[in-house]
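Participant: Fold the following for me, if possible:
(one chain, ligands or ions: 2)
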Amino acid sequence: MSLNLSEITLTYPDGDTRLTALDRVTLNVPRGSVAAVVGPSGSGKSSLLAVAATLVTPDSGTVTIDGTATSGLARGELTDLRRHKIGIVFQQPNLLPSLTAAEQLQVMAHIDGRSPARARGRALDLLDAVGLGPQAERRPHQLSGGQRQRVNIARALMNSPTVLLIDEPTSALDNERGAAIVDLVTRLTRRQATATVMVTHDRTHLSTADLIAEVHDGRLHVPGNPQRDPRRRTGI
Ligand code: ADP
Ligand code: MG
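Facilitator: Ligands and ions are numbered 1, 2, ... in the order given. The predicted structure is shown next:
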């Protein structure tokens with residue numbers, strides 16, 4: 001297993017009480033597979049990704065990446081882990097307006113101290129892989145919404161992550177482009193052998209996902225997993 005979430009509970013302060021955003025969430029994602037997480041707005045999808053990305057520390061439960069339990073890591077070690085092992089595609093494609101598509105990717109490698117020539121080579125390979133070879137020298141305003149989303153995804157793969165986390169990649173796209181993005185994510189997942197979690201509020205186009213889990217009010221229902229609700233177990 002290369003991404004494992006075990007019994008994750010996350011709460012946020014909410015007036016005098018606390019709001020439970022994730023309630024004992026368990027999910028295993030092997031490398032080379034896509035786990036799609038579907039659920040309505042406010043159900044906890046982005047919170048789940050933030051915990052998996054180690055950007056938010058849960059109240060309880062463990063996140064394990066490539067066999068390393070992240071709860072035992074110091075802050076600097078966590079930063080390293082994120083940089084080398086985790087690719088994140090946020091809901092808003094926060095591309096830098098002044099950079100070309102290739103440069104958006106090269107910046108990631110620069111942060112990582114890779115040689116500029118190697119970074120450029122990898123950036124161009126990845127842009128090819130997402131079907132944007134011919135657009136490598138365009139800036140964000142010269143790209144369509146779907147193309148920007150592809151740059152965003154390619155950028156997340158720049159440092160060859162183990163784990164790829166994608167937040168609602170199709171929400172701003174029409175149906176056809178949405179389907180193409182999901183297909184692309186699946187192909188890249190197989191080729192780059194990432195453990196991919198893709199969250200989305202709509203169930204369409206998910207036929208290529210290896211697993212579809214549903215989240216409602218912070219509880220994740222994974223098909224095949226035993227229900228943890230004690231009322232169900234006792235049949236009440
Ligand atoms: P989704 O991505 O499925 O729309 P979120 O994970 O963003 O859901 O939110 C889950 C719940 O947690 C919602 O009720 C939301 O209002 C709440 N929430 C999310 N982030 C915060 C935060 N930083 N502080 C307080 N409450 C939050
Ligand atoms: Mg969200």
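Participant: For the rest of this, base every contact and every neighbour count on C-alpha atoms.
Facilitator: Fine.
Participant: how near is the residue nearest in space to the middle of the chain to Leu157?
Facilitator: Centroid check for the chain by C-alpha atoms, centre = their mean gives Leu165 as the closest residue, at 0.9 Å. For Leu165, the distance to Leu157 equals 10 Å [C-alpha to C-alpha, to the nearest Å].
Participant: Mind listing the shared neighbours of the two?
Facilitator: Residues touching both Leu165 and Leu157 by C-alpha atoms under 8 Å, 6 or more residues apart in numbering: Gly87.
Participant: hmm, back to that, may I have the secondary structure class of the residue nearest to the centre of the chain?
Facilitator: Classification of Leu165 by DSSP: H, G, I helix; E, B strand; the rest coil places it in strand.
Participant: Quick check: bridge partners of it?
Facilitator: In this entry, Leu165 is beta-bridged to Ile88, Val197, by DSSP bridges.
Participant: quick one: pLDDT of the residue nearest to Asp217 when sequence neighbours are not counted?
Facilitator: In space, and not counting its chain neighbours, Asp217 is closest to Ser43: 4.7 Å by C-alpha to C-alpha, 6 or more residues apart in numbering. At Ser43, the predicted lDDT confidence score is 97.
Participant: quick one: Ser43 is in a strand?
Facilitator: No. Counting by three-state DSSP, Ser43 falls outside a strand, being coil.
Participant: what about the residue nearest to Lys85 when sequence neighbours are not counted, distance to Asp174?
Facilitator: Leaving out its chain neighbours, the residue that sits closest to Lys85 by C-alpha to C-alpha, 6+ apart is Pro161, at 4.1 Å. To Asp174, Pro161 is 28 Å away according to C-alpha to C-alpha.
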